[in-house]
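Student: Got a predicted model here, sequence first, then my questions.
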Amino acid sequence: MTAPSSNIALSTKSQLLAVTSGEPAGIGPDLCLQLAGYGLPLVVLADKTLLAERAQQLGLNVTLLDYVAHAETRSTPGQLTVLHIPLSQPVEAGKLDPANSRYVLELLTRAAQGCQSGEFASMVTAPVHKGVINDAGIPFTGHTEFLAELTHTPLVVMMLAGGNLRVALATTHLPLREVSDAITQPLLEAVLRILRHDLQRRFGLKNPRILVAGLNPHAGENGHLGREEIEVITPVLDKLRAEGFNISAPLPADTLFAVHRLKEADAVLAMYHDQGLPVLKHASFGEGVNITLGLPIIRTSVDHGTALELAGTGKAEVGSLLEAIKVAQEMAQHERT
Ligand SMILES: NC(=O)c1ccc[n+]([C@@H]2O[C@H](COP(=O)([O-])OP(=O)(O)OC[C@H]3O[C@@H](n4cnc5c(N)ncnc54)[C@H](O)[C@@H]3O)[C@@H](O)[C@H]2O)c1
Ligand SMILES: N[C@H](C(=O)O)[C@H](O)COP(=O)(O)O
């Protein structure tokens, strides 16, 4: 595979990125403050007081500048341009408060709207806490689904990249019990079309080679360990292959990720979240990037969560956020060429 390298060479020439700071009690604000060291063309969406307080707690000397829409935004190292969105309640690092859930969603909404209007080239998201948003009475399963709904996109595909791997998912944040029923021929066909299309358009791969995992152990063992491969997955793969897609048959997931197989592939399609992501995170946790394919906008994210216990301690690593910025820049570049 030729996934994004972990050598971080960030361009300062691309257009403005919007970085959402995520759950205010988590490490998102800490990571955004760390970005001030890089002089990148970005604006952080956050409550400015929260950032100032967190910087003080971390002992960071960061000058917070006010974002002015459509004016040139150029931060030099030590500065951070901030699009201020007010919190509902003051925040203590590490302590979740459902009262701030609307604020978290407001960050995402403002960034997505700015991408759609052309104000921002892309959005990069720091982690949110799904549980506390639901505790506030707001049904929420993830950025992926939220941004699909916000942009009226009927289907999007979650793909994580890192450790020389790209892993896309046929289903995302779904209880395991519901996975088999969710994998239908129309869904699988649509997911593969989005995956191939975006690998071409946003990653510059002419005819991406995709390995597809089966759902059942040993890809169903000829129907003796489940029939989804025979009845659902194989017919879709045969149809798309006849159209010119470079895709495998459904492969046993336990051996699909062997090095010799991955050498033949640009991406893997896993059937569900924990079939694909543990492998990827084992290979690259802290340097991986989560990418939403199929959106009308470019959105990338970190590969980790809110790590509440690290907020305000100075121990949160910024590597994945930097990679997410780099990949967003690369995607925007591919789209322009
Ligand atoms: N992109 C996102 O918004 C996103 C991604 C994954 C998880 N989450 C959410 O985050 C919450 C917590 O999830 P979790 O506990 O499973 O995972 P987590 O990633 O927050 O924590 C897992 C482990 O990794 C460590 N860790 C995480 N990020 C780190 C960093 N930048 N530097 C150093 N160490 C780091 C943590 O301390 C912990 O030991 C959940 O609500 C989950 O849904 C959000
Ligand atoms: N599934 C993601 C992961 O494991 O990293 C994470 O939950 C974030 O998903 P969203 O980007 O949809 O919030």
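Tutor: Okay, I see it. Ligands and ions are numbered 1, 2, ... in the order given.

Student: Quick check: phi and psi on the residue of the stretch 101-250 of the chain found nearest ligand 1?
Tutor: Nearest residue of the stretch 101-250 of the chain to ligand 1 (CB to the nearest ligand atom) works out as Pro127 at 3.6 Å. Just so you know, the C-beta spots here come from the backbone N, C-alpha and C atoms, and that holds for glycine as well. Taking degrees, to the nearest 10, you get phi -70, psi 150 for the backbone angles of Pro127.

Student: repeat for the one 5 residues further on
Tutor: The main-chain torsion angles of Val132 are listed as degrees, to the nearest 10 and equal phi -70, psi -30.

Student: Test my guess that it contacts Gly26.
Tutor: No: Val132 sits out of contact with Gly26 when judged by CB atoms under 8 Å, with a separation of 9.5 Å.

Student: Give me the more crowded residue out of the two.
Tutor: The residue with more neighbours, out of Val132 and Gly26 and counting by other CB atoms under 10 Å, is Gly26; that gives 30 against 22.

Student: Leaving out chain neighbours, which residue sits closest to the residue of the stretch 51-200 of the chain found nearest ligand 2?
Tutor: Scanning the stretch 51-200 of the chain for proximity to ligand 2 using CB to the nearest ligand atom identifies Gly142 as nearest, at 2.7 Å. The shortest distance from Gly142 to any residue other than its chain neighbours is 4.9 Å, reached at His173 (CB to CB, 6 or more residues apart in numbering).

Student: And for Asp135?
Tutor: Nearest residue to Asp135 in three dimensions, chain neighbours excluded: Pro98, at 4.5 Å (CB to CB, 6+ apart).

Student: ok, the one you found touching Gly131?
Tutor: No: taking contacts as CB under 8 Å, Pro98 lies outside contact range of Gly131: 9.4 Å.

Student: What about the closest residue in space to Glu309 that isn't next to it in sequence, how many residues nearby?
Tutor: The shortest distance from Glu309 to any residue that is not its chain neighbour, by CB to CB, 6+ apart, is 6.4 Å, and that residue is Gly94. The tally of other residues near Gly94 (other CB under 10 Å) stands at 16.

Student: on that earlier part again, looking at Pro98 and Gly131, which is more packed in?
Tutor: Comparing Pro98 with Gly131 by neighbour count (other CB under 10 Å), the higher total belongs to Pro98, at 17 against 13.

Student: Walking through the protein, point out its helices one by one.
Tutor: With DSSP state H applied, the chain shows helices at 28-34, 48-58, 101-117, 130-135, 143-150, 176-182, 185-203, 228, 234-242, 253-256, 259-262, 273-284, 319-336, listed in chain order.

Student: Quickly note the distance from Ala126 to Ser284.
Tutor: Counting by CB to CB, to the nearest Å, the gap between Ala126 and Ser284 amounts to 18 Å.
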